[in-house]
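>>> The sequence and its predicted three-dimensional model are supplied below.
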Amino acid sequence: MASTLCTKRDGNRGAWTAEEDQKLARVIEIQGPKRWKIVAAKAGLNRCGKSCRLRWMNYLRPNIKRGNISDQEEDLILRLHKLLGNRWSLIAGRLPGRTDNEIKNYWNSRLSKKIKRKEKQNKILRVQIDHHRNNGMGMGNILNRWEEGTSKGYENSKASFNGDYFFNSSREEGPSDQEWMSKFLEMDASWFKILHDT
DNA sequence: AATTTGCCCAACCGCAGACTC
DNA sequence: GGAGTCTGCGGTTGGGCAAAT
């Protein structure tokens, strides 16, 4: 299956200018965000359709939020990534105004490092727990609980996860953002608590 | 002051599923 | 039904900038 070519031969590359943005926005206003090859041609831009689509989706689209990802948003990204992995478009779909590209960048530049640090801390903590246990220091139930929680939290959350409900591809047929958020939050917070508390 | 390093983010690339003819 | 095209996705790259040396 051949993909739409979008190569150096297709012309202009690199950062978009304000003038290009205006031209693109004007055409999309008239014919809507579809048939990107035609949009690119009509806008008179030396860009391929794919490039135009990306610019629209990540920058020009109305209601785009840019920068300043809040703590709540970060929490949600962490939770969703734990459940879904690198399915950025699904994650972005549950963060109004955020794009998959922005979330992916945010993850790669900040959160992945944050998680690595947490994992490192957990490793150290685990070694300390083993040490205490082996020396009969009786840290008791608390430590055992912590350990159980760490190892089982994620599996539990997966087991109770209803993918059809949460990620119906049609947003119209799926739950509203508010419903979705409250269901999601009540679903299972255990692994997330572990991530933050340890 | 000049250079290096690291971070952030916009944009590009290749792939694959969906769609059209 | 099959070939060609369009669209959307996730991974990667590279330029700009600020901080560190």
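Everything's here; your move. Residues are numbered from 1 along each chain as shown, chains lettered A, B, ... in the order given.
>>> Give me the mean pLDDT for the lengthiest helix in chain A.
Longest helix in chain A by number of residues (criterion: DSSP state H): helix A:112-134. The pLDDT scores in helix A:112-134 average 73.
>>> likewise stretch A:23-42?
Averaging pLDDT along stretch A:23-42 gives 87.
>>> does stretch A:39-56 come close to DNA strand C?
Yes: using Cβ under 7 Å from any atom of the strand, we find that stretch A:39-56 touches DNA strand C at A:49, A:50, A:53, A:54. For every residue, glycine as well, the C-beta is placed using N, CA and C.
>>> circling back: for the longest helix of chain A, which helices and strands make contact with it?
Under the contact criterion of 3 or more Cβ pairs under 8 Å, 6 or more residues apart in numbering; DSSP states H and E, helix A:112-134 touches helix A:140-159.
>>> coming back round to it: out of the residues of stretch A:39-56 next to DNA strand C, which is nearest to residue A:78?
Closest approach between the residues of stretch A:39-56 next to DNA strand C and residue A:78, by Cβ to Cβ: residue A:54, at 25.9 Å.
>>> hmm, back to that, could the residues of stretch A:39-56 next to DNA strand C be laid out in CSV, adding neighbour count and pLDDT?
Listed next are the residues of stretch A:39-56 next to DNA strand C as CSV, based on neighbours: other Cβ atoms under 10 Å; pLDDT from 0 to 100:
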residue, neighbour count, pLDDT
A:49, 18, 88
A:50, 16, 88
A:53, 20, 90
A:54, 17, 90
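>>> Could you look up the SS state of residue A:67?
Under DSSP: H, G, I helix; E, B strand; the rest coil, residue A:67 falls in the coil class.
>>> re earlier: for the longest helix of chain A, buried residues please.
For helix A:112-134, the neighbour count (16 or more other Cβ atoms under 10 Å) marks residue A:129 as buried.
>>> How about it and DNA strand C, any contact?
No: interface with DNA strand C: helix A:112-134 contributes nothing (Cβ under 7 Å from any atom of the strand), its closest point being 10.5 Å away.
>>> just to revisit the earlier point, let's have the residues of stretch A:39-56 next to DNA strand C in TSV, adding secondary structure and distance to residue A:42.
Converted to TSV, these look like this (DSSP: H, G, I helix; E, B strand; the rest coil; distance: Cβ to Cβ, whole Å):
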residue	secondary structure	distance to residue A:42
A:49	helix	11
A:50	helix	15
A:53	helix	14
A:54	helix	17
